[in-house]
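# fold the following, please.
(chains A and B)
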There are 2 protein chains.
Amino acid sequence: MFKIPKHQVAGHQAIDGNLGPLVDDSGRFYKPLQDDERGTTELAFYQSFSSKLPHHIRGFFPVFYGTQLVEASDGSGLRPHLVLQDITSNHLNPSILDVKIGSRTWYPEASEDYIQKALEGDRLTTTVTLGFRISGLQIYESKESGYWKPVRKEVKSFSADDVRLVLRKFVSSNLEPEPDCCFASTTYGGRSGILEQLLELKAWFEDQTVYHFHSCSLLLLIDKEPVLNGTTVPFVEVKLIDFAHTVESEGVIDHNFLGGLCSFIKFVSEVLTDSKVSTIEASFN
Amino acid sequence: MFKIPKHQVAGHQAIDGNLGPLVDDSGRFYKPLQDDERGTTELAFYQSFSSKLPHHIRGFFPVFYGTQLVEASDGSGLRPHLVLQDITSNHLNPSILDVKIGSRTWYPEASEDYIQKALEGDRLTTTVTLGFRISGLQIYESKESGYWKPVRKEVKSFSADDVRLVLRKFVSSNLEPEPDCCFASTTYGGRSGILEQLLELKAWFEDQTVYHFHSCSLLLLIDKEPVLNGTTVPFVEVKLIDFAHTVESEGVIDHNFLGGLCSFIKFVSEVLTDSKVSTIEASFN
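Numbers count the residues shown, from 1 in each chain, chains lettered A, B, ... in the order given. Alright, predicted model coming up:
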């Protein structure tokens, strides 16, 4: 009944006898509850967020179905798991981008050991310079080529230009030699496209003083299948995930998340603008 | 001809034979050019900013008149000084707030020694938690009480609640026992008030990829004198100062400054909202 998720791009994975999340056939995602404070923090978040967030923002979070004792993937026996919506279910070949938002993943309330490790990781990746880092990705190209899914080490060493290229490939049908960005206007753009959704999230972050989302990821999912099947608009989904370091905020906005989100928005809007210019140029040639 | 500025609230001061800025009677401010990279960086910024910034943003920066060899305030002889607009000239009793914007004052290009020192300062003040810290202030109360100008040590140890109180006192006529916030609607609010100006600056920071303003301050100046003299609207001024750590940005927005600015905007708008509520309540009593 429980299976290893096919489309996980970041985080601990339930392969080779390790502890990691599981999925079932009914569209649920089982995330092992960590033993330490991280588990407590994430559970507390999922138990309270829906009563604390405005209605139009709740859709940015996975549906939470409670906790359940599940046979852990590492064979250690029954263990409490968070039961969440499996965002990838119903999608045969989803392209997924996991983007950790913020120019720091540490926070004053954490242990000094955690702070030093997180700070080191922030300085070695684009977190400090761009205000976000790509944590993982898979991009579906075609039946023949399958997925482009760079290994973790490669993703960790991404430069600003690599990020720009990834954001172009993400909305392309042909990735090489030059991403065609043919899905840019229908996935990044449009009335319920990714950019509009990010702007809605941004407006909320300019005002909300409920939570500080440290080390939280923005998960972008695109399914290009509907286009191949004749529907004109591809499926897009924008979700926030990973709340093991989400703390209540005491009346201050999450300026760390907001700044990083604004930076990411700028990157996305540049791909959209460039692809519009290319389309206009192409129509003149 | 050269004098020690009367209304300096932060930074090196030309008192007791130290090196610091000077002013003259013609409304110019002479800032000693630092010997090291900081001097070079700040001079480069002032020499280039007016050609790189859009017209409506230039007013947020002091006018730059070039450099001049001036007898240094520490008696060390002639030294090159930046010649800038003296923002406090023409104001008899200005209230001034110097707010260092950003949740970090360090940046990857700096030396490891600078990074560690700056990080320590950021963690000890509200920089990390609020995304900004008050670096200095003076608030004019009345002829009798004069100024409230807490010493540097006190300012450095400000908590979030202290910051809230300062922002209320800043726009008050009576500071004790409870700030009356009687100037809130005419200084923070209004069409060319501080909040509107900060929002204009924010809109620019959401888009600009020219500079990253590390360790830069927002200087807010209020002159309540016009009100006392029968003019209804007090004078307000919003300027950016201190560019010794401003670097060119390579196509990325200054998410660190932007996040901190948004946090500061939230603090200011809360004072404005609260003061409106108080006014309505008062009119019902």
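# which bits of the stretch 51-200 of chain A sit near chain B?
Contact residues (C-beta under 8 Å from any C-beta of the partner chain) of the stretch 51-200 of chain A with chain B: A:Ser103, A:Arg104, A:Pro108, A:Arg123, A:Val128, A:Thr129, A:Leu130, A:Gly131, A:Ala160. (Glycine included, C-beta is placed from N, CA and C.)
# and for the nearest residue to A:Thr129 once chain neighbours are set aside, the neighbour number?
Excluding the flanking residues, the one nearest A:Thr129 by C-beta to C-beta, 6 or more residues apart in numbering or on different chains is B:Pro108, at 6.2 Å. For B:Pro108, the count of nearby residues is 9 (other C-beta atoms under 10 Å in any protein chain shown).
# what's the separation between B:Pro108 and B:Val252?
12 Å (C-beta to C-beta, to the nearest Å).
# what do the two both touch?
A:Thr129 (C-beta atoms under 8 Å, 6 or more residues apart in numbering or on different chains).
# which residues in the stretch 151-285 of chain A form helices?
Secondary structure of the stretch 151-285 of chain A by DSSP state H, counting those that start in this stretch: the helices cover A:152-156, A:160-169, A:184-187, A:194-205, A:225-228, A:255-284.
# tell me the contacts of A:Leu199?
Counting by C-beta under 8 Å, 6+ apart, A:Leu199 has contacts A:Ile265.
# pLDDT averaged over stretch A:247-258 - what is it?
For stretch A:247-258, the mean per-residue pLDDT is 95.
# that one near chain B at all?
Yes - under the criterion of C-beta under 8 Å from any C-beta, chain B is reached by stretch A:247-258 at A:Glu250, A:Gly251, A:Val252, A:Ile253, A:His255, A:Asn256, A:Leu258.
# just give the nearest non-adjacent residue to the residue nearest to the spatial centre of chain A, would you?
Centroid-nearest residue in chain A: A:Leu219, 1.9 Å away (criterion: C-alpha atoms, centre = their mean). Spatial nearest neighbour of A:Leu219, chain neighbours left out: A:Lys239 (4.6 Å); criterion: C-beta to C-beta, 6+ apart.
# what's around A:Ser192, how many residues?
A:Ser192 has 10 nearby residues by other C-beta under 10 Å.
# first to last residue in stretch A:14-28, what's the distance?
End-to-end distance of stretch A:14-28 (C-alpha to C-alpha, to the nearest Å): 16 Å.
# so the residue nearest to A:Leu219 sits against A:Val63, correct?
No - at 10.2 Å, A:Lys239 and A:Val63 do not qualify as touching, with contact defined as C-beta atoms under 8 Å.
# which strands or helices does the longest strand seen in chain A pack on?
Longest strand of chain A, by residue count under DSSP state E: strand A:132-142. Judged by 3 or more C-beta pairs under 8 Å, 6 or more residues apart in numbering or on different chains; DSSP states H and E, strand A:132-142 is in contact with strand A:95-101, strand A:146-148, helix A:152-156, helix A:160-169, helix A:255-284.
# turn those into CSV, including mean neighbour count and distance to A:Tyr188.
Putting the helices and strands packed on strand A:132-142 into CSV (neighbours: other C-beta atoms under 10 Å in any protein chain shown; distance: least, C-beta to C-beta, whole Å) gives the following:
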stretch, mean neighbour count, distance to A:Tyr188
strand A:95-101, 25, 12
strand A:146-148, 15, 18
helix A:152-156, 13, 21
helix A:160-169, 18, 8
helix A:255-284, 19, 5
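# which one of the ones you listed lies nearest to B:Glu281?
B:Glu281 lies closest, by C-beta to C-beta, to one member of these: helix A:255-284, at 30.6 Å.
# contacts only, for A:Gly136.
Taking C-beta under 8 Å, 6+ apart as the test, what A:Gly136 contacts is A:Gln8, A:Val9, A:Ala10, A:Gly11, A:Ile96, A:Asp98, A:Arg152, A:Val155.
# pull the number of nearby residues for the nearest residue to the first one once chain neighbours are set aside.
The shortest distance from A:Gln8 to any residue that is not its chain neighbour, by C-beta to C-beta, 6+ apart, is 7.0 Å, and that residue is A:Pro21. The number of residues packed near A:Pro21 is 22, by other C-beta under 10 Å.
# pull the number of nearby residues for the residue of the stretch 101-250 of chain A found nearest chain B.
Distance from chain B to each residue of the stretch 101-250 of chain A (C-beta to the nearest C-beta) is smallest for A:Gly131, at 3.6 Å. A:Gly131 is flanked by 29 other residues according to other C-beta under 10 Å.
# can you check A:Phe132 too?
Look at A:Phe132: counted by other C-beta under 10 Å, it has 26 neighbours.
# how about the contacts made by it?
A:Val99, A:Lys100, A:Ile101, A:Gly102, A:Ser103, A:Thr126, A:Leu218, A:Gly260, A:Leu261, A:Ser263, A:Phe264.
# what separates it from B:Leu175, distance-wise?
A:Phe132 is 42 Å from B:Leu175, by C-beta to C-beta.
# hmm, back to that, quick check, the residue nearest to the centre of chain A in contact with A:Asp86.
No - when contacts are counted by C-beta under 8 Å, A:Leu219 is not listed as touching A:Asp86 (11.8 Å).
# which of the helices or strands spans the residue nearest to A:Thr129?
Element membership for B:Pro108 (DSSP states H and E) is empty, with no helix or strand holding it.
# pLDDT score assigned to it?
93.
# any weak-confidence spans in chain A?
A:282-285 (pLDDT under 70).
# quick one: buried residues of the longest strand of chain A?
Neighbour counts over strand A:132-142 (16 or more other C-beta atoms under 10 Å in any protein chain shown) mark A:Phe132, A:Arg133, A:Ile134, A:Ser135, A:Gly136, A:Leu137, A:Gln138, A:Ile139, A:Tyr140, A:Glu141 as buried.
# just list whatever residues bridge to the fifth one.
With beta bridges defined as DSSP bridges, A:Gly136 has these partners: A:Asp98.
# please save the CA atoms from stretch A:199-210 in PDB.
The C-alpha trace of stretch A:199-210 is given here as PDB (Å, rounded to 0.1, in the frame of the first residue of the first chain):
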ATOM      1  CA  LEU A 199       2.500  38.200  -6.100                       C
ATOM      2  CA  GLU A 200      -0.500  37.200  -4.100                       C
ATOM      3  CA  LEU A 201       1.800  35.400  -1.600                       C
ATOM      4  CA  LYS A 202       4.000  38.500  -1.600                       C
ATOM      5  CA  ALA A 203       1.100  40.800  -0.700                       C
ATOM      6  CA  TRP A 204       0.300  38.600   2.200                       C
ATOM      7  CA  PHE A 205       3.900  38.500   3.400                       C
ATOM      8  CA  GLU A 206       4.100  42.300   3.400                       C
ATOM      9  CA  ASP A 207       1.400  42.300   6.000                       C
ATOM     10  CA  GLN A 208       1.400  39.000   7.900                       C
ATOM     11  CA  THR A 209       3.000  38.900  11.400                       C
ATOM     12  CA  VAL A 210       1.800  35.400  12.300                       C
END
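# so which bits of it are buried?
For stretch A:199-210, by 16+ other C-beta under 10 Å, it's A:Glu200, A:Leu201, A:Lys202, A:Trp204, A:Phe205, A:Glu206, A:Gln208, A:Val210.
# apart from its chain neighbours, what residue comes closest to the residue of chain A found nearest chain B?
Going by C-beta to the nearest C-beta, chain B is nearest to A:Gly259 of chain A, at 2.7 Å. Sequence neighbours aside, B:Gly259 is the residue nearest to A:Gly259 in space, at 2.7 Å (criterion: C-beta to C-beta, 6+ apart).
# and the residue nearest to A:Phe45 when sequence neighbours are not counted, how many neighbours?
Distances taken as C-beta to C-beta, 6+ apart put A:Phe243 closest to A:Phe45, at 4.0 Å, once the chain neighbours are dropped. Neighbour count for A:Phe243, taken as other C-beta under 10 Å: 23.
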